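Visitor: Just the structure for this:
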Amino acid sequence: MHDSQPAGITVLGATGSIGVNTLDVVSRYPGRFNVIALTGNTDVEALAGQCERFLPRYAVMADPDAAERLAALLRNTAPDVQVLGGRDALVEVAGLPAVDFVMAAIVGAAGLLPCLEAARRGKRVLLANKEALVMSGALFMQAVRDNDAVLLPIDSEHNAILQCMPDNYTAGHAPRGVRKIMLTASGGPFRTLPVSKLAGVTPAQACAHPNWEMGRKISVDSATMMNKGLEVIEAGWLFDLPLEKIKVLIHPQSILHSMVEYDDGSVIAQLGNPDMRIPITHALAWPERIDSGAAQLDLAAVGSLQFEDPDRAHFPCLELACHAWRQGGTAPAILNAANEVAVQAFLDKQIAFTSIPRLIEHAMERCTVHDGTSLQVILEDDAAARRQARDYIDSDRMQASS
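Guide: Model prediction:
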(Lines give C-alpha, C1' and ligand atoms only; values in the text may rest on other atoms or scores of the structure.)
Protein backbone atom coordinates (compact mmCIF):
# COMPACT_ATOMS: atom_id res chain seq x y z
CA MET A 1 0.00 0.00 0.00
CA HIS A 2 2.36 2.73 -1.16
CA ASP A 3 1.35 5.54 -3.44
CA SER A 4 1.88 9.29 -3.54
CA GLN A 5 0.02 9.74 -0.27
CA PRO A 6 1.88 8.64 2.87
CA ALA A 7 -0.01 6.13 5.02
CA GLY A 8 -1.36 7.60 8.24
CA ILE A 9 -0.33 5.58 11.30
CA THR A 10 -1.34 5.48 14.94
CA VAL A 11 1.12 3.78 17.28
CA LEU A 12 -0.66 2.46 20.38
CA GLY A 13 2.00 1.87 23.03
CA ALA A 14 4.61 4.06 21.36
CA THR A 15 6.98 4.16 24.35
CA GLY A 16 7.29 0.37 24.66
CA SER A 17 9.82 -1.76 22.80
CA ILE A 18 7.48 -2.50 19.85
CA GLY A 19 6.49 1.15 19.59
CA VAL A 20 10.10 2.33 19.66
CA ASN A 21 11.07 -0.19 16.98
CA THR A 22 8.06 0.82 14.86
CA LEU A 23 9.10 4.47 14.95
CA ASP A 24 12.66 3.45 14.07
CA VAL A 25 11.34 1.82 10.88
CA VAL A 26 8.97 4.72 10.16
CA SER A 27 11.84 7.20 10.49
CA ARG A 28 13.68 5.42 7.66
CA TYR A 29 10.82 6.18 5.24
CA PRO A 30 9.70 9.79 5.83
CA GLY A 31 7.69 9.99 2.59
CA ARG A 32 5.96 6.67 3.13
CA PHE A 33 4.39 7.07 6.60
CA ASN A 34 2.71 9.96 8.37
CA VAL A 35 2.46 9.64 12.15
CA ILE A 36 -1.06 10.72 13.14
CA ALA A 37 -1.13 9.68 16.80
CA LEU A 38 1.23 8.33 19.46
CA THR A 39 0.05 6.90 22.77
CA GLY A 40 1.70 5.96 26.04
CA ASN A 41 0.72 4.95 29.55
CA THR A 42 2.76 6.89 32.11
CA ASP A 43 6.20 7.55 30.54
CA VAL A 44 5.69 11.25 29.86
CA GLU A 45 9.30 12.09 29.01
CA ALA A 46 9.63 9.31 26.44
CA LEU A 47 6.38 10.25 24.66
CA ALA A 48 7.33 13.93 24.75
CA GLY A 49 10.60 13.14 22.96
CA GLN A 50 8.75 11.12 20.31
CA CYS A 51 6.21 13.90 19.80
CA GLU A 52 8.96 16.49 19.35
CA ARG A 53 10.56 14.30 16.70
CA PHE A 54 7.53 13.01 14.77
CA LEU A 55 5.05 15.85 15.42
CA PRO A 56 1.84 13.75 15.42
CA ARG A 57 -1.57 15.42 15.38
CA TYR A 58 -2.46 13.70 18.65
CA ALA A 59 -0.63 12.39 21.69
CA VAL A 60 -2.52 10.29 24.23
CA MET A 61 -1.56 9.29 27.75
CA ALA A 62 -3.80 6.59 29.20
CA ASP A 63 -3.24 8.18 32.61
CA PRO A 64 -5.01 11.59 32.72
CA ASP A 65 -2.50 13.08 35.17
CA ALA A 66 0.32 12.06 32.86
CA ALA A 67 -1.53 13.74 29.98
CA GLU A 68 -1.48 17.04 31.87
CA ARG A 69 2.27 16.73 32.42
CA LEU A 70 2.79 15.88 28.75
CA ALA A 71 0.78 18.92 27.63
CA ALA A 72 2.95 21.15 29.81
CA LEU A 73 6.14 19.66 28.35
CA LEU A 74 4.97 20.10 24.74
CA ARG A 75 3.54 23.60 25.15
CA ASN A 76 6.74 25.23 23.85
CA THR A 77 8.45 22.40 21.91
CA ALA A 78 5.50 20.96 19.94
CA PRO A 79 2.50 23.27 20.45
CA ASP A 80 0.53 21.85 17.50
CA VAL A 81 0.31 18.38 19.06
CA GLN A 82 -3.12 17.92 20.67
CA VAL A 83 -2.74 16.06 23.96
CA LEU A 84 -5.56 13.80 25.13
CA GLY A 85 -5.91 11.69 28.26
CA GLY A 86 -7.79 8.59 29.35
CA ARG A 87 -8.86 5.22 27.93
CA ASP A 88 -11.54 6.68 25.65
CA ALA A 89 -8.91 8.75 23.86
CA LEU A 90 -6.95 5.57 23.04
CA VAL A 91 -10.04 4.23 21.30
CA GLU A 92 -10.60 7.54 19.51
CA VAL A 93 -7.13 7.73 17.91
CA ALA A 94 -7.35 4.09 16.79
CA GLY A 95 -10.33 4.92 14.59
CA LEU A 96 -9.49 8.35 13.16
CA PRO A 97 -10.38 8.74 9.43
CA ALA A 98 -6.81 9.90 8.65
CA VAL A 99 -5.36 6.68 10.04
CA ASP A 100 -4.65 3.80 7.66
CA PHE A 101 -2.44 1.64 9.90
CA VAL A 102 -2.76 0.98 13.64
CA MET A 103 0.22 -0.54 15.42
CA ALA A 104 -1.50 -2.24 18.37
CA ALA A 105 1.32 -2.53 20.90
CA ILE A 106 -0.34 -1.77 24.24
CA VAL A 107 0.58 -4.53 26.67
CA GLY A 108 -2.23 -6.49 28.28
CA ALA A 109 -6.00 -6.15 28.46
CA ALA A 110 -5.78 -2.34 28.23
CA GLY A 111 -5.19 -2.73 24.50
CA LEU A 112 -8.40 -4.64 23.79
CA LEU A 113 -10.84 -1.76 23.15
CA PRO A 114 -8.60 0.32 20.84
CA CYS A 115 -7.71 -2.86 18.89
CA LEU A 116 -11.38 -3.63 18.42
CA GLU A 117 -12.04 -0.06 17.31
CA ALA A 118 -9.29 -0.27 14.69
CA ALA A 119 -10.80 -3.49 13.33
CA ARG A 120 -14.32 -2.01 13.31
CA ARG A 121 -13.02 0.99 11.35
CA GLY A 122 -11.49 -1.26 8.69
CA LYS A 123 -7.87 -0.33 9.40
CA ARG A 124 -4.73 -2.31 8.68
CA VAL A 125 -4.23 -3.68 12.20
CA LEU A 126 -0.64 -4.55 13.03
CA LEU A 127 -1.32 -6.75 16.02
CA ALA A 128 1.37 -6.91 18.68
CA ASN A 129 -1.21 -7.00 21.48
CA LYS A 130 -1.98 -10.71 21.67
CA GLU A 131 -4.48 -10.15 24.47
CA ALA A 132 -7.01 -8.74 21.98
CA LEU A 133 -7.31 -12.21 20.45
CA VAL A 134 -6.81 -14.14 23.68
CA MET A 135 -9.63 -12.28 25.41
CA SER A 136 -12.07 -11.75 22.57
CA GLY A 137 -10.99 -13.87 19.62
CA ALA A 138 -14.48 -14.50 18.23
CA LEU A 139 -15.50 -10.85 18.52
CA PHE A 140 -12.23 -9.53 17.16
CA MET A 141 -12.06 -11.82 14.13
CA GLN A 142 -15.72 -11.09 13.32
CA ALA A 143 -14.95 -7.36 13.43
CA VAL A 144 -12.02 -7.90 11.04
CA ARG A 145 -14.21 -9.86 8.60
CA ASP A 146 -17.24 -7.58 8.80
CA ASN A 147 -15.28 -4.39 8.17
CA ASP A 148 -12.70 -5.61 5.64
CA ALA A 149 -9.88 -4.81 8.04
CA VAL A 150 -6.44 -6.22 7.25
CA LEU A 151 -4.95 -8.14 10.16
CA LEU A 152 -1.18 -8.66 10.20
CA PRO A 153 0.47 -10.23 13.26
CA ILE A 154 3.60 -8.64 14.71
CA ASP A 155 4.63 -11.35 17.17
CA SER A 156 7.73 -12.80 15.52
CA GLU A 157 6.25 -16.32 15.59
CA HIS A 158 2.87 -15.49 14.07
CA ASN A 159 4.42 -13.14 11.56
CA ALA A 160 6.78 -15.98 10.58
CA ILE A 161 3.83 -18.33 10.08
CA LEU A 162 2.10 -15.75 7.91
CA GLN A 163 5.27 -15.47 5.81
CA CYS A 164 5.28 -19.28 5.41
CA MET A 165 1.71 -19.31 4.09
CA PRO A 166 0.77 -18.94 0.39
CA ASP A 167 1.05 -15.36 -0.93
CA ASN A 168 -2.73 -14.94 -1.22
CA TYR A 169 -3.41 -16.11 2.34
CA THR A 170 -5.28 -13.77 4.71
CA ALA A 171 -5.49 -14.15 8.46
CA GLY A 172 -8.57 -15.74 9.98
CA HIS A 173 -9.13 -18.38 7.32
CA ALA A 174 -8.28 -22.07 7.64
CA PRO A 175 -5.24 -22.59 5.40
CA ARG A 176 -5.53 -25.41 2.88
CA GLY A 177 -3.03 -28.25 2.94
CA VAL A 178 -1.53 -27.37 6.34
CA ARG A 179 -0.82 -30.35 8.58
CA LYS A 180 0.38 -28.26 11.54
CA ILE A 181 2.14 -25.07 12.53
CA MET A 182 5.13 -25.03 14.87
CA LEU A 183 5.61 -22.05 17.19
CA THR A 184 9.18 -21.74 18.40
CA ALA A 185 10.11 -20.51 21.88
CA SER A 186 13.49 -19.59 23.31
CA GLY A 187 12.63 -21.23 26.63
CA GLY A 188 13.53 -18.00 28.41
CA PRO A 189 16.26 -17.51 31.02
CA PHE A 190 15.30 -20.53 33.18
CA ARG A 191 15.11 -23.27 30.57
CA THR A 192 18.03 -25.21 32.07
CA LEU A 193 17.50 -24.16 35.70
CA PRO A 194 16.38 -27.08 37.91
CA VAL A 195 12.70 -26.85 38.88
CA SER A 196 13.76 -26.95 42.55
CA LYS A 197 15.49 -23.56 42.15
CA LEU A 198 12.66 -21.71 40.37
CA ALA A 199 11.05 -20.53 43.62
CA GLY A 200 14.08 -18.40 44.39
CA VAL A 201 14.45 -16.52 41.08
CA THR A 202 14.18 -12.72 41.19
CA PRO A 203 12.32 -10.28 38.94
CA ALA A 204 15.65 -9.00 37.61
CA GLN A 205 16.64 -12.54 36.60
CA ALA A 206 13.24 -13.19 34.98
CA CYS A 207 13.49 -9.98 32.96
CA ALA A 208 16.95 -10.81 31.59
CA HIS A 209 15.84 -12.50 28.36
CA PRO A 210 18.73 -14.25 26.60
CA ASN A 211 17.84 -13.12 23.04
CA TRP A 212 15.20 -10.38 22.88
CA GLU A 213 14.90 -6.90 24.35
CA MET A 214 11.37 -6.77 25.75
CA GLY A 215 9.31 -5.06 28.43
CA ARG A 216 9.18 -6.46 31.94
CA LYS A 217 5.73 -8.06 31.73
CA ILE A 218 6.37 -9.95 28.50
CA SER A 219 9.83 -10.96 29.75
CA VAL A 220 8.27 -12.67 32.76
CA ASP A 221 5.70 -14.29 30.46
CA SER A 222 8.59 -15.63 28.40
CA ALA A 223 10.27 -17.00 31.53
CA THR A 224 7.08 -18.86 32.55
CA MET A 225 6.25 -19.69 28.90
CA MET A 226 2.80 -18.19 29.45
CA ASN A 227 3.76 -16.00 26.52
CA LYS A 228 3.88 -19.10 24.33
CA GLY A 229 0.60 -20.33 25.78
CA LEU A 230 -1.07 -17.04 24.86
CA GLU A 231 0.51 -17.34 21.42
CA VAL A 232 -1.03 -20.80 20.97
CA ILE A 233 -4.46 -19.25 21.58
CA GLU A 234 -3.63 -16.34 19.29
CA ALA A 235 -2.49 -18.72 16.55
CA GLY A 236 -5.72 -20.67 16.82
CA TRP A 237 -7.71 -17.53 16.01
CA LEU A 238 -5.29 -16.07 13.47
CA PHE A 239 -5.01 -19.24 11.42
CA ASP A 240 -8.34 -20.92 12.28
CA LEU A 241 -6.63 -24.07 13.51
CA PRO A 242 -7.49 -26.47 16.36
CA LEU A 243 -5.10 -27.06 19.25
CA GLU A 244 -3.91 -30.41 17.88
CA LYS A 245 -2.53 -28.64 14.80
CA ILE A 246 -0.44 -26.19 16.84
CA LYS A 247 2.87 -27.43 18.24
CA VAL A 248 5.32 -25.60 20.52
CA LEU A 249 9.01 -26.25 20.00
CA ILE A 250 11.84 -24.82 22.10
CA HIS A 251 14.58 -23.29 19.98
CA PRO A 252 17.13 -21.52 22.23
CA GLN A 253 18.84 -19.48 19.48
CA SER A 254 15.68 -17.58 18.40
CA ILE A 255 16.84 -17.65 14.77
CA LEU A 256 14.09 -19.83 13.27
CA HIS A 257 10.92 -18.03 14.26
CA SER A 258 8.28 -20.60 13.31
CA MET A 259 7.41 -23.27 10.74
CA VAL A 260 4.48 -24.57 8.75
CA GLU A 261 4.25 -28.25 7.86
CA TYR A 262 2.14 -29.07 4.79
CA ASP A 263 0.30 -32.29 3.95
CA ASP A 264 2.90 -33.23 1.33
CA GLY A 265 5.63 -33.34 4.00
CA SER A 266 7.16 -29.97 3.15
CA VAL A 267 8.16 -27.82 6.12
CA ILE A 268 8.59 -24.10 5.39
CA ALA A 269 10.35 -21.93 7.96
CA GLN A 270 11.12 -18.24 8.39
CA LEU A 271 14.56 -17.33 9.77
CA GLY A 272 16.14 -14.05 10.80
CA ASN A 273 18.08 -12.39 13.57
CA PRO A 274 16.06 -11.75 16.76
CA ASP A 275 15.12 -8.18 15.83
CA MET A 276 11.49 -7.05 16.05
CA ARG A 277 12.03 -4.57 13.22
CA ILE A 278 11.84 -7.53 10.81
CA PRO A 279 8.17 -8.48 11.49
CA ILE A 280 7.27 -4.82 11.99
CA THR A 281 8.69 -3.89 8.59
CA HIS A 282 7.03 -6.90 6.95
CA ALA A 283 3.63 -5.74 8.21
CA LEU A 284 4.20 -2.06 7.44
CA ALA A 285 5.26 -2.73 3.85
CA TRP A 286 3.17 -5.84 3.10
CA PRO A 287 2.96 -7.16 0.43
CA GLU A 288 6.20 -5.40 -0.50
CA ARG A 289 9.62 -6.05 1.05
CA ILE A 290 11.71 -3.11 2.25
CA ASP A 291 14.82 -2.70 4.40
CA SER A 292 14.18 -3.00 8.14
CA GLY A 293 17.60 -1.94 9.36
CA ALA A 294 18.15 -5.35 10.95
CA ALA A 295 21.52 -7.04 10.62
CA GLN A 296 21.79 -9.72 7.96
CA LEU A 297 21.63 -13.30 9.20
CA ASP A 298 24.98 -15.13 9.14
CA LEU A 299 24.14 -18.82 9.54
CA ALA A 300 27.80 -19.84 9.50
CA ALA A 301 28.38 -17.59 12.52
CA VAL A 302 25.31 -19.06 14.26
CA GLY A 303 26.78 -22.50 13.66
CA SER A 304 23.92 -24.74 14.74
CA LEU A 305 20.22 -24.63 15.56
CA GLN A 306 18.77 -26.68 18.43
CA PHE A 307 15.21 -27.84 18.99
CA GLU A 308 13.52 -29.66 21.87
CA ASP A 309 10.04 -30.30 23.22
CA PRO A 310 9.05 -28.14 26.20
CA ASP A 311 9.08 -29.76 29.63
CA ARG A 312 5.50 -29.26 30.84
CA ALA A 313 6.54 -29.75 34.49
CA HIS A 314 9.06 -26.94 34.08
CA PHE A 315 6.52 -24.67 32.38
CA PRO A 316 3.04 -25.30 33.88
CA CYS A 317 1.72 -22.01 32.47
CA LEU A 318 1.90 -23.46 28.97
CA GLU A 319 -0.48 -26.26 29.92
CA LEU A 320 -2.81 -23.82 31.73
CA ALA A 321 -3.12 -21.80 28.52
CA CYS A 322 -3.83 -24.91 26.44
CA HIS A 323 -6.49 -25.93 28.97
CA ALA A 324 -8.14 -22.49 28.68
CA TRP A 325 -8.15 -22.78 24.86
CA ARG A 326 -9.83 -26.20 25.12
CA GLN A 327 -12.47 -24.76 27.48
CA GLY A 328 -13.21 -21.88 25.13
CA GLY A 329 -15.60 -19.04 25.90
CA THR A 330 -14.18 -16.59 28.43
CA ALA A 331 -11.65 -19.08 29.85
CA PRO A 332 -8.74 -17.46 27.96
CA ALA A 333 -9.82 -14.02 29.23
CA ILE A 334 -9.85 -15.39 32.80
CA LEU A 335 -6.42 -16.93 32.26
CA ASN A 336 -5.02 -13.69 30.86
CA ALA A 337 -6.44 -11.51 33.63
CA ALA A 338 -5.11 -13.75 36.40
CA ASN A 339 -1.73 -13.87 34.69
CA GLU A 340 -1.52 -10.07 34.47
CA VAL A 341 -2.18 -9.78 38.20
CA ALA A 342 0.23 -12.60 39.01
CA VAL A 343 3.08 -11.17 36.93
CA GLN A 344 2.68 -7.72 38.47
CA ALA A 345 2.64 -9.24 41.96
CA PHE A 346 5.86 -11.12 41.16
CA LEU A 347 7.49 -7.97 39.77
CA ASP A 348 6.41 -6.16 42.96
CA LYS A 349 7.99 -9.01 44.99
CA GLN A 350 4.65 -9.93 46.57
CA ILE A 351 4.73 -13.55 45.39
CA ALA A 352 7.36 -16.07 44.32
CA PHE A 353 7.95 -16.96 40.68
CA THR A 354 6.47 -20.42 41.25
CA SER A 355 3.30 -18.86 42.67
CA ILE A 356 2.42 -17.40 39.26
CA PRO A 357 0.93 -20.65 37.84
CA ARG A 358 -0.67 -21.49 41.20
CA LEU A 359 -2.42 -18.13 41.30
CA ILE A 360 -3.66 -18.52 37.72
CA GLU A 361 -4.95 -22.02 38.40
CA HIS A 362 -6.71 -20.75 41.54
CA ALA A 363 -8.56 -18.07 39.53
CA MET A 364 -9.45 -20.46 36.71
CA GLU A 365 -10.94 -22.96 39.15
CA ARG A 366 -13.09 -20.35 40.88
CA CYS A 367 -14.33 -18.27 37.96
CA THR A 368 -17.33 -19.31 35.90
CA VAL A 369 -16.64 -19.56 32.17
CA HIS A 370 -19.26 -17.91 29.95
CA ASP A 371 -19.85 -17.61 26.23
CA GLY A 372 -17.24 -15.28 24.74
CA THR A 373 -19.37 -13.41 22.21
CA SER A 374 -20.34 -10.46 24.43
CA LEU A 375 -17.76 -7.77 25.16
CA GLN A 376 -19.53 -6.90 28.41
CA VAL A 377 -19.36 -10.51 29.64
CA ILE A 378 -15.69 -10.77 28.64
CA LEU A 379 -14.85 -7.64 30.63
CA GLU A 380 -16.93 -8.84 33.61
CA ASP A 381 -15.11 -12.18 33.66
CA ASP A 382 -11.79 -10.37 33.31
CA ALA A 383 -12.65 -8.30 36.40
CA ALA A 384 -13.80 -11.40 38.32
CA ALA A 385 -10.52 -13.17 37.59
CA ARG A 386 -8.55 -10.16 38.80
CA ARG A 387 -10.51 -10.17 42.08
CA GLN A 388 -9.84 -13.88 42.58
CA ALA A 389 -6.15 -13.36 41.84
CA ARG A 390 -5.84 -10.48 44.30
CA ASP A 391 -7.67 -12.48 46.98
CA TYR A 392 -5.13 -15.26 46.45
CA ILE A 393 -2.24 -12.81 46.87
CA ASP A 394 -3.75 -11.40 50.07
CA SER A 395 -4.28 -14.88 51.57
CA ASP A 396 -0.80 -15.97 50.43
CA ARG A 397 0.79 -12.99 52.15
CA MET A 398 -1.27 -13.55 55.30
CA GLN A 399 -0.09 -17.16 55.47
CA ALA A 400 3.51 -16.08 54.93
CA SER A 401 3.34 -13.55 57.77
CA SER A 402 1.58 -15.82 60.27
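Visitor: Which residue, neighbours along the chain excluded, lies closest to residue 325?
Guide: Closest residue to residue 325 apart from its sequence neighbours, by CB to CB, 6 or more residues apart in numbering: residue 233 at 4.9 Å. Every C-beta, even on glycine, is put in place using the N, C-alpha and C of the backbone.
Visitor: Count the residues that sit near the one you found.
Guide: Here the number of neighbours of residue 233 (other CB atoms under 10 Å) works out to 25.
Visitor: Tell me the confidence at it?
Guide: pLDDT, residue 233: 96.
Visitor: That one and residue 323 touch, don't they?
Guide: No: the criterion here is CB atoms under 8 Å, and residue 233 misses it with residue 323 at 10.8 Å.
Visitor: Kindly state the domain boundaries assigned to the chain.
Guide: Listed by automatic domain parsing, the domain ranges of the chain are 7-154, 328-402.
Visitor: for the record, mean pLDDT for the last one?
Guide: Per-residue confidence for domain 328-402 averages out to 90 on the pLDDT scale.
Visitor: repeat for stretch 178-186
Guide: 95.
Visitor: neighbouring contacts of that stretch?
Guide: Stretch 178-186 has contacts (CB atoms under 8 Å, 6 or more residues apart in numbering) with 157-158, 161, 209-212, 222, 225, 227-228, 231-232, 235, 239, 241, 244-254, 256-263, 307, 310.
Visitor: Out of these, list just those in helices.
Guide: 157, 158, 161, 222, 227, 228, 231, 232, 235, 239 (DSSP state H).
Visitor: which residues touch the first one?
Guide: With CB under 8 Å, 6+ apart as the criterion, the residues that contact residue 157 are 183, 184, 185, 231, 235, 257, 258.
Visitor: okay, and for the stretch 101-250 of the chain, where does confidence drop off?
Guide: Confidence mapping of the stretch 101-250 of the chain against pLDDT under 70 gives the ranges 210-213.
Visitor: Show me where it has its helices.
Guide: Assigned by DSSP state H, counting those that start in this stretch, the helices in the stretch 101-250 of the chain fall at 112-120, 131-146, 156-164, 203-206, 216-224, 226-239.
Visitor: Give me the distance from the last one to the chain's centre.
Guide: In terms of CA atoms, centre = their mean, to the nearest Å, the centre of helix 226-239 is found 10 Å from the chain centre.
Visitor: now swap in the first one and tell me
Guide: Mean-position distance between helix 112-120 and its chain equals 14 Å (CA atoms, centre = their mean).
Visitor: and what of the shortest one?
Guide: Its chain's C-alpha centre and that of helix 203-206 lie 20 Å apart, by CA atoms, centre = their mean.
Visitor: Which residues does that helix contact?
Guide: Contacts with helix 203-206, where a contact means CB under 8 Å, 6+ apart, come from 188, 189, 190, 216, 219, 220, 223, 346, 347, 349, 353.
Visitor: Buried subset of those residues as a PyMOL selection?
Guide: To isolate the buried members of those in PyMOL, using 16 or more other CB atoms under 10 Å:
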select buried, resi 188+189+190+216+219+220+223+346+347+353
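Visitor: and which of the contacts of helix 203-206 is nearest residue 89?
Guide: When those are ranked by distance to residue 89 (CB to CB), residue 216 comes first, at 24.6 Å.
Visitor: mind listing what that closest one touches?
Guide: Listed by CB under 8 Å, 6+ apart, the contact set of residue 216 reads 203, 207, 347.
Visitor: What is the neighbour count of the nearest residue to residue 73 once chain neighbours are set aside?
Guide: Using CB to CB, 6+ apart and skipping residues adjacent in sequence, the residue nearest residue 73 is residue 48, 4.4 Å away. For residue 48, the neighbour count with other CB under 10 Å is 23.
Visitor: same thing with residue 109?
Guide: Residue 109 has 22 neighbours, counted by other CB under 10 Å.
Visitor: Report the contact partners of the nearest residue to it once chain neighbours are set aside.
Guide: Nearest non-adjacent residue to residue 109, counting by CB to CB, 6+ apart: residue 131, 5.4 Å away. Applying CB under 8 Å, 6+ apart, we find residue 131 in contact with 107, 108, 109, 111, 112, 230, 336.
Visitor: Of all the helix elements in this protein, which one is longest?
Guide: helix 375-401.
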